[in-house]
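give me a 3D structure for the following:
(one chain, ligands or ions: 1)
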Amino acid sequence: MRYIYGPVHSRRLGSSLGLSLTPHKLCDFDCVYCQLGKTFRKVLERKEYFKIEDILAEGHSWFVNNPEQAKALDFITISGSGEPTLNSGIGLLIESLKKTVAVPVAVITNSSLLGDPVVRRQILGANLIVPSLDAVTEEAFQKIDRPCPEIKLEEIIEGLVSLRKEFKGQIWLEVMLVKGINDNLAHTRRLKEVIERINPDKIQLNSPVRFTAEEGAEAVDAKHLEKIKELLGDKCEVI
Ligand code: SF4
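From the prediction side, this is the model:
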């Protein structure tokens, strides 16, 4: 299979079938914690990197050949090994999936393009959106996510605020905390203010996995994660 992976089992999404919309590590970020390794060439251009009709054809064949696994799916997850909203056909893909399969669709995104109303409109058909927001200061954003220079943190934050108003499904905001970069209490307080504006259904805290992160991307210890979770309030959980 070229575009499909899984089903993957996770505590967060249950049994989910993954769809990859981009070639390996095609991304506009170069996160210090990325499990896929370094982004050698950051890309901001949106285009149909993988043809949507090819992804749908492979998906159709998977559902025909795996009826029992298909029945047990909790989600079809659009994510993969790069940033899925860089594929300009994502809207058509979601629309087609909703017409043909009765499995909820989740989109996992780094949020980089959510300042663009066209991108937001294209993902409104999903049932669940899991956007990331690791940083709320420019310094932390540059250190942790290392975005394409054209990407502006303020536009991401305003995009998330707008998405909440436009999107009727669940938003689970993921925050990756890296020791010494975005785990201090001043950043947490600012993050809390921004999250109150975004108003997601859940806030999910994560910290890098030691064996996949690059040197310098250290995990936050469990006790400190719990403290940040408490500061961020009832909707927050550690995943
Ligand atoms: S956004 Fe995702 S794929 Fe891109 S560098 Fe960050 S973790 Fe890796």
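
partners of residue 130 in the sheet?
In this structure, residue 130 bridges to residue 108 when assessed by DSSP bridges.

which residue, other than its chain neighbours, is closest to residue 155?
Ranked by CB to CB, 6 or more residues apart in numbering and with sequence neighbours excluded, the top spatial neighbour of residue 155 is residue 115, at 3.2 Å. Any C-beta I mention is one placed from the backbone N, CA and C, and that applies to glycine too.

so which helix or strand takes in residue 174?
strand 170-176 (DSSP states H and E).

is that strand anywhere near the ligand?
No. Counting by CB under 6 Å from any ligand atom, the ligand has no neighbours in strand 170-176; the shortest distance is 7.9 Å.

so for the helix or strand following that strand, what's the average pLDDT?
Proceeding N to C from strand 170-176, the next assigned helix or strand is helix 185-198, under DSSP H and E. What helix 185-198 shows for mean pLDDT is 97.

what is helix 185-198 packed up against?
Here helix 185-198 touches helix 153-166, strand 170-176, helix 222-232, going by 3 or more CB pairs under 8 Å, 6 or more residues apart in numbering; DSSP states H and E.

what angle do it and helix 222-232 make?
Calculated by axes from the mean of the first three to the mean of the last three CA atoms, to 10 degrees, helix 185-198 forms an angle of 40 degrees with helix 222-232.

and helix 185-198, which residues are buried?
187-188, 191-192, 194-195, 198 (16 or more other CB atoms under 10 Å).

I'd like those as CSV, with distance to the ligand appended.
Below are the buried residues of helix 185-198 laid out as CSV (distance: CB to the nearest ligand atom, whole Å):
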residue, distance to the ligand
187, 18
188, 21
191, 18
192, 23
194, 19
195, 19
198, 18
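
leaving out the residues flanking it, which one is nearest to residue 36?
For residue 36, the spatially nearest residue (CB to CB, 6+ apart) is residue 25, at 5.0 Å.

again with residue 33
Closest to residue 33 by CB to CB, 6+ apart is residue 208, at 3.9 Å.
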